[in-house]
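Student: below are the sequence and a predicted model; questions follow.
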Amino acid sequence: MSVRRFFGGAWGQRIVILALIFAVMAVAEPKFFTGSNASSVLFAISIYGMMACGMLFVVLLGGLDLSVGSMAAVSACIVAQITMKSGYSGAGLLTGIVAAIAASIAVGVLHGLCVTYMRMPSFIVTLSTKYILYGVAPIITGGSFIYYPQEMDSNSAVNFIYSLGNKRIANVPMPVIFFAAVVVIAGFTLASTTYGRRLYALGGNPTASALVGVRVRRDTVAAYVVSSLLAALSGIVLSSVNMQAGQTLAQGYEGSVLMAMIVGGINLAGGEGTISGAVFGALFAGLINNMMTLLSVPSDFQKAVQGAIILVAVCINAYSGRRAGRVKLPAAPAEK
């Protein structure tokens, strides 16, 4: 493969993008290359990445899940509240985790049923539950943040919560290990199982898939459940990193995850995308957010930058798709 052809492809372009980010930060902010900053970037990428891997299942169907941030917040609040009410007992912690998992499954099933049986657009369904969940979170916590105690070093439940986000194995942070495990499992599911192949088929042509016997509703509901489950896992890990939980936890993360989807080359129309693309998108989102934080970019302007990146990435993907023949725009009607 020639150098020109490589850099004209998806991974060549991604390498160029990363090189540009590193070059800009080398000049603008040398702290970007410190060990402490690299650690914070890894934490952020792990959270974005787990959410992105889950949303990939939905996007392959041509859908969206805009509730991942709120689902993460609610799950963390459920675990923290039940654990605190139990006096930080092991049974209370286990009950909280099971309750959070059950809540995420229920939300995923709700999304899938609304999309399949009621034929509602996924954008509307998940946007609605996003606001519902952000409203439920302060009810769970009583309107304030729940802080895990720092002085209870001998408490097994608190130690377990702390280890989820802060422990290291072979000097690798636990969130990174969780992320790697999710990538391996999700990648294997999509590439090597009949369910993964059905997802690509459903996204590419749902009508034809239904005609050959694919259970569209079942597989669609399962995809939304996967997205909600991984969002819940991300929220629990994120709360353990900060040792706190509240309604603003993971707020705005859905924008970063959506940016990861688009920059990673996942086709929002469905049927096209890879786990490696989602991982690159999470890496890109984490680096961009970290770069703006180091450069002291105001939070409101950060949202504008995110929006601009999403718009540019969509335009590039649409243009590339047209050139490759994947996207055929209808001709404009002739004027009478």
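Tutor: Received, thanks.

Student: CA only for contacts and neighbour counts going forward, please
Tutor: Noted.

Student: give me the low-pLDDT residue ranges for the protein?
Tutor: Along the chain, segments meeting pLDDT under 70 span 1-11, 13, 151-154, 211, 213, 316-336.

Student: change it to 50
Tutor: 327-336 (pLDDT under 50).

Student: just the helices in the stretch 201-336 of the chain please.
Tutor: 206-211, 216-242, 253-263, 275-294, 299-324 (DSSP state H, counting those that start in this stretch).

Student: ok, now how distant is Asn242 from Leu249?
Tutor: 10 Å (C-alpha to C-alpha, to the nearest Å).

Student: ah, wrong one, I meant Thr193
Tutor: Thr193 is 34 Å from Leu249, by C-alpha to C-alpha.

Student: ditto for Asp300
Tutor: For Asp300 relative to Leu249 (C-alpha to C-alpha), the value is 17 Å.

Student: neighbour count winner among the two?
Tutor: Neighbour count, other C-alpha atoms under 10 Å: between Asp300 and Leu249, Leu249 has more, with 24 against 8.

Student: isn't the more buried one right next to Ala73, touching?
Tutor: Yes - counting by C-alpha atoms under 8 Å, Leu249 touches Ala73, with 5.1 Å between them.

Student: which residues do these two both contact?
Tutor: Overlap between the contact sets of Leu249 and Ala73, as judged by C-alpha atoms under 8 Å, 6 or more residues apart in numbering, is given by Gly235.

Student: what ranges do the strands span in the chain?
Tutor: Along the chain, the stretches classed as strands by DSSP state E are 146-147, 168-169, 172-173, 244-245.

Student: ok, which of the helices of the stretch 201-336 of the chain comes nearest Ala100?
Tutor: helix 216-242 (7.0 Å; C-alpha to C-alpha).

Student: mind putting the strands of the chain into CSV with distance to Val125?
Tutor: Output for the strands of the chain, formatted as CSV (distance: least, C-alpha to C-alpha, whole Å):
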stretch, distance to Val125
strand 146-147, 29
strand 168-169, 38
strand 172-173, 35
strand 244-245, 25
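
Student: ok, which of those comes nearest Ile82?
Tutor: Among the strands of the chain, strand 146-147 comes nearest to Ile82, with 10.7 Å by C-alpha to C-alpha.

Student: what sits up against that closest one?
Tutor: 77, 80-81, 243-246.

Student: quick one on the thing from earlier: including distance to Ala269, could the helices of the stretch 201-336 of the chain go into CSV?
Tutor: What follows is the helices of the stretch 201-336 of the chain, written out as CSV (distance: least, C-alpha to C-alpha, whole Å):
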stretch, distance to Ala269
helix 206-211, 12
helix 216-242, 15
helix 253-263, 11
helix 275-294, 15
helix 299-324, 11
